[in-house]
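Q: The sequence isn't on hand, but the structure is:
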């Protein structure tokens, strides 16, 4: 009887663990910044393209997504994930997961998982459509049930609370003490950023009331800093500075511009670095070299993929998500071993 209970307990625990591992693991803030070119918590309206992966919490209108497939970091997320309706979108790699309706779209590469209706669209990879299909082509075939790859991207779509993660990250970065980094201005409108890094290679600028965004030119001297956090207190920011010496492109993966309380941001010139503004509507009138993580997005310039490779953990080190169920797996193994030994006796 005891042996039978041990066996049943081990089987139950193992089944629970494997079910947990089958579900998508939520991403941490470090992973979000690395895997995505854009995370928009509500609606996105695009008249341009995004090089990398995009997640939209509301509806998406327009845009050309996942253009640089070979440069996108590995992820379980689709090239484009939209939690509401999507209209006139084009996806070039990684497929798409659309929780609402899809219309006037082209999913050119990868599978498509569409929970709502599809109209006037071309689905060129394997497609699962939960609703009706009207005036559309399923060139890759319409499947009756989700494949393993489809299920993985569908599970990933809602596994991470992006608003909570990005909000917590922004608040955490805003509380970091300055590392001695400074900004100086000259009479010609140039702001010079001189970074001083801590032992982990992280430099923190606290730009509170510094008037940085009135400057017409940005110049950077990062020294040994591998991650640069620029905390801004502005509620509304219009940025038109020229990043000197090609620094928008060369530093895009190192800079994080943290606008914790901003509600409106506009960029009018080529911009470099990650924009973290979970409460703001971003309008980019020129290209951005880096990721955008905002409440809503009005996109007019391109978003170029500069996958964040720095460190956003104040204590140092790279954030890692532990493998789920490790302890439970060990317990299941111990129970099975006990059962085996008992049978042997």
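A: Cool, got the structure. In this text the structure is predicted, and so the values were computed from the model without any measurement.

Q: I figured residue 50 hits residue 40, correct?
A: No. Contact status for residue 50 versus residue 40: not in contact, 10.2 Å apart, counting by CB atoms under 8 Å. Where you see a C-beta, it was placed from the backbone N, CA and C, and this is true even at glycine.

Q: which one of those two has more residues nearby?
A: Comparing residue 50 with residue 40 by neighbour count (other CB atoms under 10 Å), the higher total belongs to residue 50, at 30 against 27.

Q: residues in contact with the closest residue to that one other than its chain neighbours?
A: Counting by CB to CB, 6 or more residues apart in numbering, residue 50 lies nearest to residue 303, which is 4.5 Å off, once chain neighbours are set aside. With contacts defined as CB atoms under 8 Å, 6 or more residues apart in numbering, residue 303 is in contact with 37-38, 48-52, 284, 287-288, 290-292.

Q: which is the next helix or strand following the strand or helix carrying residue 293?
A: Secondary-structure element containing residue 293, defined by DSSP states H and E: strand 292-299. The helix or strand immediately downstream of strand 292-299 is strand 303-304, counting by DSSP H and E.

Q: Centre of the chain to that following strand, how far?
A: Here strand 303-304 shows a centroid-to-chain-centroid distance of 13 Å under the convention CA atoms, centre = their mean, to the nearest Å.

Q: can you check stretch 33-53 too?
A: 8 Å.

Q: and if you look at stretch 273-281?
A: Stretch 273-281 sits 12 Å away from the centroid of its parent chain (CA atoms, centre = their mean).

Q: Enumerate every residue touching the closest residue to residue 253 other than its chain neighbours.
A: The shortest distance from residue 253 to any non-neighbouring residue, by CB to CB, 6+ apart, is to residue 306 (4.4 Å). Residues counted as contacts of residue 306 (CB under 8 Å, 6+ apart) are 249, 252-253, 272-274, 289-291.

Q: returning to what we had before: tell me the buried residues in the strand holding residue 293?
A: Burial within strand 292-299, assessed by neighbour count using 16 or more other CB atoms under 10 Å, is assigned to 292-299.

Q: Who are the packing partners of that strand?
A: When contacts are defined as 3 or more CB pairs under 8 Å, 6 or more residues apart in numbering; DSSP states H and E, strand 292-299 sits against strand 38-40, strand 44-46, strand 274-284.

Q: Tell me the bridge partners for the residue nearest to residue 50.
A: Beta bridges link residue 303 to residue 50, residue 288, judged by DSSP bridges.

Q: cool, and residue 282?
A: When bridges are called by DSSP bridges, residue 282 pairs up with residue 265, residue 297.
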